[in-house]
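> turn this into a model:
(4 chains)
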There are 2 protein chains.
Amino acid sequence: MLNYSPDQENLPLPAANLQTLARWLKALSEPKRLLLLDRIIQGVQCNCELGDELDMAPNLISHHMSVLREVGLVNAERDPFDGRWVYYSINRTALDQLNAVFGDFFTPERIQPRRLTCGPQAIASNQTRNT
Amino acid sequence: MLNYSPDQENLPLPAANLQTLARWLKALSEPKRLLLLDRIIQGVQCNCELGDELDMAPNLISHHMSVLREVGLVNAERDPFDGRWVYYSINRTALDQLNAVFGDFFTPERIQPRRLTCGPQAIASNQTRNT
DNA sequence: AGAATAGTTCAACATACGTTGAATTATATT
DNA sequence: AATATAATTCAACGTATGTTGAACTATTCT
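Sure thing, here's the model as predicted:
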């Protein structure tokens, strides 16, 4: 289906999206959290196994996972048969939104040339205009 | 003193790994840096003007821009006619790499179901196998 | 040469954050 | 009921980081 809404490619991004994006990026900017997320995406979702693979203490994993959960990027659920185990998984909705917002922000199509409202050219054109 | 030659190709190129992505995300995870980058992408590239629009002290802008420069995401160059002015711009090569690496990591196609190598199911299947 | 302008670097501070080990909770087994 | 197991929360620590004002550089103008 074609999108007939006005082209918004060159408009400033909504401030709310910037804040949301910053929140997500902050949660993702920690190397070990990226590693954890990588394993989770690839199907390693048990706390204990993550600890084994990445050589991290269980409480550290809990901490990093809570950060990822607070920003909505991952879900956590207990095993229905043995509630002592917890499984993490990617929140598919959040992932889609992350990709959308990130793509909107970093798309090369948004790049615009420098505005000549500052620096010597601007001063020169001002003087031209005023004389 | 910083080197103001246009540095399009200054990137160390171990791009496809997690550490590079983490480095980029860390630089981008600071809200004001995201704001700065947003303005720069949209053509506001003079230090003084960035300070006006975002109400930030010039030394703060310098600091944040140096972080973005260190990870290769932005270039800085002095005005050829009046060297007192500095213009920032996004490093197109780095932007493309960022989009590629980010896309590779966060594509939904990578998502895999949970491996049953942990938790009660794994134990049960082990016991089944061993008896 | 000296003053002025645009940016950068430095020093200092407060806060945020990752890490660790111990204590605690939740759930299951005996 | 008591013990064991998986995970979380808590307290403490050191380091990293954003912010500020002052000093400094680089460059231009008079």
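> low-scoring stretches of chain A, by residue?
A:1-13, A:119, A:122-131 (pLDDT under 70).
> can you give me the helices in it?
A:15-28, A:31-41, A:47-54, A:58-70, A:92-106, A:119-130 (DSSP state H).
> go through the ones you listed and name the closest to A:Gln112.
Nearest to A:Gln112, of all those, is helix A:92-106, at 13.9 Å by CB to CB. (Each C-beta comes from the backbone N, C-alpha and C, glycine too.)
> centre of the chain to the closest one, how far?
7 Å (CA atoms, centre = their mean, to the nearest Å).
> can you give me the buried ones in it?
Within helix A:92-106, the residues scored as buried using 16 or more other CB atoms under 10 Å in any protein chain shown are A:94-95, A:97-98, A:101-102, A:104-106.
> mind putting those residues into TSV with distance to B:Leu54?
Below are those laid out as TSV (distance: CB to CB, whole Å):
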residue	distance to B:Leu54
A:Ala94	28
A:Leu95	30
A:Gln97	25
A:Leu98	24
A:Val101	20
A:Phe102	21
A:Asp104	20
A:Phe105	16
A:Phe106	19
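> what is the nearest of the residues you listed to A:Leu28?
Among these, and counting by CB to CB, the member closest to A:Leu28 is A:Leu98, at 8.5 Å.
> check contacts around the spatially closest residue to the closest one that is not a sequence neighbour.
Among residues not flanking A:Leu98 along the chain, A:Trp24 sits closest, at 5.5 Å (CB to CB, 6 or more residues apart in numbering or on different chains). Shown in contact with A:Trp24 (CB atoms under 8 Å, 6 or more residues apart in numbering or on different chains): A:71, A:73, A:94, A:98, A:101.
> if we use 10 Å, what do you get?
Contact analysis of A:Trp24 by CB atoms under 10 Å, 6 or more residues apart in numbering or on different chains lists A:68, A:71-73, A:94-95, A:97-98, A:101-102, B:25, B:29.
> and if you look at A:Leu95?
Neighbouring residues of A:Leu95 by CB under 10 Å, 6+ apart: A:24, A:37, A:41, A:72-74, B:106-108, B:110-111.
> for A:Glu53, same thing?
A:35-36, A:39, A:44.
> up against DNA strand D, what does chain A have?
Applying CB under 7 Å from any atom of the strand, we find that chain A lies next to DNA strand D at A:46-48, A:58-59, A:61-63, A:65-66, A:76, A:84-86, A:120.
> in PyMOL, how would I select just the buried ones from these?
Selecting the buried subset of the residues of chain A next to DNA strand D in PyMOL, with 16+ other CB under 10 Å as the burial test, is done by:
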select buried, chain A and resi 46+47+61+65+85+86
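> identify the farthest-apart pair in the residues of chain A next to DNA strand D.
Distance extremes for the residues of chain A next to DNA strand D: the farthest pair is A:Arg84 and A:Pro120 at 69.0 Å, using CB to CB.
> hmm, stretch A:43-59 touching DNA strand C?
Yes: contact of stretch A:43-59 with DNA strand C (CB under 7 Å from any atom of the strand) involves A:56-57, A:59.
> looking at those, which one is closest to B:Pro80?
Nearest to B:Pro80 among the residues of stretch A:43-59 next to DNA strand C, with distances taken as CB to CB, is A:Met56, at 51.3 Å.
> and that closest one, how far is that from DNA strand D?
11 Å (CB to the nearest atom of the strand, to the nearest Å).
> surely that residue touches A:Pro31?
No: the pair A:Met56 / A:Pro31 is not scored as a contact, 11.7 Å apart, by CB atoms under 10 Å.
> number of nearby residues for the closest residue to DNA strand C within chain A?
Relative to DNA strand C, the nearest point of chain A is A:Gly83 (2.6 Å; CB to the nearest atom of the strand). Residues lying near A:Gly83 (other CB atoms under 10 Å in any protein chain shown) number 10.
> measure the residue nearest to A:Glu70 when sequence neighbours are not counted to DNA strand D for me?
Closest residue in space to A:Glu70, ignoring its immediate chain neighbours: A:Ala27 at 7.5 Å, by CB to CB, 6+ apart. For A:Ala27, the distance to DNA strand D equals 14 Å [CB to the nearest atom of the strand].
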